[in-house]
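Student: dropping the sequence and predicted coords here.
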Amino acid sequence: RQTMVRAGLPWEVGAITVNKVCGSGLKAVMLAAQAIQCGDADIIVAGGQENMNLCPYMLEKARTGYRMNNGQLIDGMVHDGLWDHVNDFHMGISAELVSEKYGVSREDTDAFAMRSYEKAWKAIDEGKFKDEIVAVEVPVKKGDPKIFDVDEIPLRKPKTSMEALSRLRPAFKKGGLVTAGNASKISDGAAALVVMSREKANELGRKPLVRVGAQGAAGIDMKYVLVAPILSIPKVLAKDGLKIEDIDLHEINEAFSTSSVAINRELGIDPEKVNIHGGSVAIGHPIGASGARVLTTLIYAMKDTGAKIGQASLCLGGGEAVTLVVYNEA
């Protein structure tokens, strides 16, 4: 509601907050489409936002009081967004379990991450993100505001390399595969899309970018949450009578490279059709925003390449994945 008001929408407009962890931004769009399909709305702005860097640390007993001994600071970002509360471990451990179950090697993992960086660098150099990124002014103490109109994470210096990635130490498990270089980054960001009925679009003279198709979710043993798209993608495609080979472009969130490798292998997806402008390993993964960002990037990639059918998917804490199919209206 606060975002809606600050964006200048009328007070009379209603708003809801969706909390589906990494899938929140995409689920917001899915709910918007359903509301329009049910006739409850004509136009909805849907998306997500996240500020991981300012997520606070918490003192759980501060309200009731500490009587003796030391207190413990709880990282709110990890506690609410990155922790498996059923198995009581960090999502990074899930990435390690996925690598063991699906036979993903450290070389596989680093190679996937390197390719994500390369695709993102190329996309930035070629201006592929210009139409989908809204410039933001950030005030500074001295001088003019800083204008952010390019995603800064892939351009951090020095640029990485396979050699540099291979030297990084495992982050979650001794002898493990997951490192700071082949996992998604702690990031801030926001993304939004306008969802509209065809009748309203025609009335306003607006040409849709894409048409919303099938949508849905699937659950999995929570230990392997990161590969839940293996179940959700075929399930949702089947609703529209589609198979993997019918999809021209895929955007599948890169929470960890290990799971991305496993998903592509298990579903038989050509890696060069996935995240063609780089994914969250290179770009960053602001949890609440990523679902809308992934879909936005898919839409503009489809317009750029002429792809007819695309699908966006994200795994999410709680042992699920969400998937949405879109059709190019060109």
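Tutor: Okay, I see it.

Student: and residue 146, how far from residue 137?
Tutor: Distance, residue 146 to residue 137, by C-beta to C-beta, to the nearest Å: 7 Å. In short, each C-beta sits where N, CA and C put it, glycine included.

Student: repeat for residue 73
Tutor: In terms of C-beta to C-beta, residue 73 sits 33 Å off from residue 137.

Student: ditto for residue 225
Tutor: From residue 225 to residue 137 the distance is 37 Å (C-beta to C-beta).

Student: between the two, which one's more packed in?
Tutor: Just comparing residue 225 and residue 137: by other C-beta atoms under 10 Å the higher neighbour count belongs to residue 225, 28 against 11.

Student: chain neighbours aside, what residue packs nearest to that one?
Tutor: Among residues not flanking residue 225 along the chain, residue 319 sits closest, at 4.7 Å (C-beta to C-beta, 6 or more residues apart in numbering).

Student: what segments of the stretch 51-200 of the chain are helices?
Tutor: Listed in chain order, the helices of the stretch 51-200 of the chain (DSSP state H, counting those that start in this stretch) span residues 76-77, 91-102, 106-125, 162-167, 198-204.

Student: of all these, which lies closest to residue 282?
Tutor: helix 106-125 (3.8 Å; C-beta to C-beta).

Student: so which bits of the closest one are buried?
Tutor: Using 16 or more other C-beta atoms under 10 Å as the burial criterion, the residues of helix 106-125 that qualify are 106, 108-117, 119-120, 123-124.

Student: cool, and stretch 229-238?
Tutor: For stretch 229-238, using 16+ other C-beta under 10 Å, the buried residues are 229, 230, 231, 232, 233, 235, 236, 237.

Student: for the residues you listed, which one is nearest residue 34?
Tutor: Nearest member of the buried residues of stretch 229-238 to residue 34, counting by C-beta to C-beta, is residue 236, at 13.7 Å.

Student: surely the closest one touches residue 212?
Tutor: No. Residue 236 lies out of contact with residue 212 (C-beta atoms under 8 Å); the separation is 11.8 Å.

Student: list the residues that contact both of these two?
Tutor: Common neighbours of residue 236 and residue 212, counting by C-beta atoms under 8 Å, 6 or more residues apart in numbering, are 324, 325.

Student: how many neighbouring residues does the residue nearest to residue 192 when sequence neighbours are not counted have?
Tutor: Using C-beta to C-beta, 6+ apart and skipping residues adjacent in sequence, the residue nearest residue 192 is residue 47, 3.2 Å away. Other residues lying near residue 47 total 25 when counted by other C-beta under 10 Å.

Student: same question for residue 186.
Tutor: Neighbour tally, residue 186, other C-beta under 10 Å: 17.

Student: surely it is in contact with residue 81?
Tutor: No. Counting by C-beta under 8 Å, residue 186 sits too far from residue 81 to count as a contact (10.1 Å).

Student: just send the buried residues of stretch 229-238 back as JSON lines, with secondary structure too.
Tutor: Shown next, in JSON lines, are those (DSSP: H, G, I helix; E, B strand; the rest coil):
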{"residue": "229", "secondary structure": "helix"}
{"residue": "230", "secondary structure": "helix"}
{"residue": "231", "secondary structure": "helix"}
{"residue": "232", "secondary structure": "helix"}
{"residue": "233", "secondary structure": "helix"}
{"residue": "235", "secondary structure": "helix"}
{"residue": "236", "secondary structure": "helix"}
{"residue": "237", "secondary structure": "helix"}
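
Student: which one of those is nearest residue 200?
Tutor: For these, the nearest to residue 200 is residue 236 (25.3 Å; C-beta to C-beta).

Student: and that closest one, how far from residue 295?
Tutor: 13 Å.

Student: mutual contacts of these two, please.
Tutor: residue 324.

Student: low-confidence ranges, the stretch 151-300 of the chain, go.
Tutor: Scanning the stretch 151-300 of the chain for pLDDT under 70 picks out the ranges 157.
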